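S.K.: Structure for this input, please:
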Amino acid sequence: MKKYGIIGFLIFVAVVIAVLTFAIGVIKIMIGSVFLVIMVIAILALWIMWKVKTD
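M.R.: Numbers count the residues shown, from 1 in each chain. Model prediction:
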């Protein structure tokens, strides 16, 4: 019976680690996409300013 308890505990720990890894990955992807959008907006604003000055 003790063997099954240890196996159950190990499976539980593996599931917790997998969920935490997935959650951290999702948070990093969200932060990265926000920074990517900010960068695109900044490059677009720079390009528009450059086009206005050269015309």
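S.K.: Show the residue spans covered by the helices in this structure.
M.R.: 2-54 (DSSP state H).
S.K.: pLDDT below threshold where in it?
M.R.: 55 (pLDDT under 70).
S.K.: again, only using 90
M.R.: In the predicted model of the chain, residues 1-3, 51-55 satisfy pLDDT under 90.
S.K.: Give me the distance from stretch 21-35 to the chain's centre.
M.R.: Mean C-alpha position of stretch 21-35 versus that of the full chain (CA atoms, centre = their mean, to the nearest Å) differs by 1 Å.
S.K.: Kindly report the same for stretch 3-21.
M.R.: Stretch 3-21 sits 24 Å away from the centroid of its parent chain (CA atoms, centre = their mean).
S.K.: What residues of it count as buried?
M.R.: The neighbour-count check on stretch 3-21 (16 or more other CB atoms under 10 Å) flags nothing as buried. Just so you know, the C-beta spots here come from the backbone N, C-alpha and C atoms, and that holds for glycine as well.
S.K.: Quick one: residues in contact with that stretch.
M.R.: Residues outside stretch 3-21 that contact it (CB atoms under 8 Å, 6 or more residues apart in numbering): none are found.
S.K.: CA atoms of that stretch as PDB?
M.R.: Taking Å, rounded to 0.1, in the frame of the first residue of the first chain, the C-alpha atoms of stretch 3-21 are listed here in PDB:
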ATOM      1  CA  LYS A   3       4.200   1.800  -2.800                       C
ATOM      2  CA  TYR A   4       1.000   3.100  -4.300                       C
ATOM      3  CA  GLY A   5       1.000   6.100  -2.000                       C
ATOM      4  CA  ILE A   6       4.500   7.000  -3.200                       C
ATOM      5  CA  ILE A   7       3.600   6.500  -6.900                       C
ATOM      6  CA  GLY A   8       0.500   8.600  -6.400                       C
ATOM      7  CA  PHE A   9       2.500  11.400  -4.700                       C
ATOM      8  CA  LEU A  10       5.100  11.300  -7.600                       C
ATOM      9  CA  ILE A  11       2.300  11.600 -10.200                       C
ATOM     10  CA  PHE A  12       0.800  14.500  -8.300                       C
ATOM     11  CA  VAL A  13       4.100  16.300  -8.100                       C
ATOM     12  CA  ALA A  14       4.700  15.700 -11.800                       C
ATOM     13  CA  VAL A  15       1.200  17.100 -12.700                       C
ATOM     14  CA  VAL A  16       1.800  20.200 -10.400                       C
ATOM     15  CA  ILE A  17       5.200  20.800 -12.100                       C
ATOM     16  CA  ALA A  18       3.600  20.500 -15.600                       C
ATOM     17  CA  VAL A  19       0.800  22.900 -14.800                       C
ATOM     18  CA  LEU A  20       3.200  25.500 -13.300                       C
ATOM     19  CA  THR A  21       5.500  25.200 -16.300                       C
END
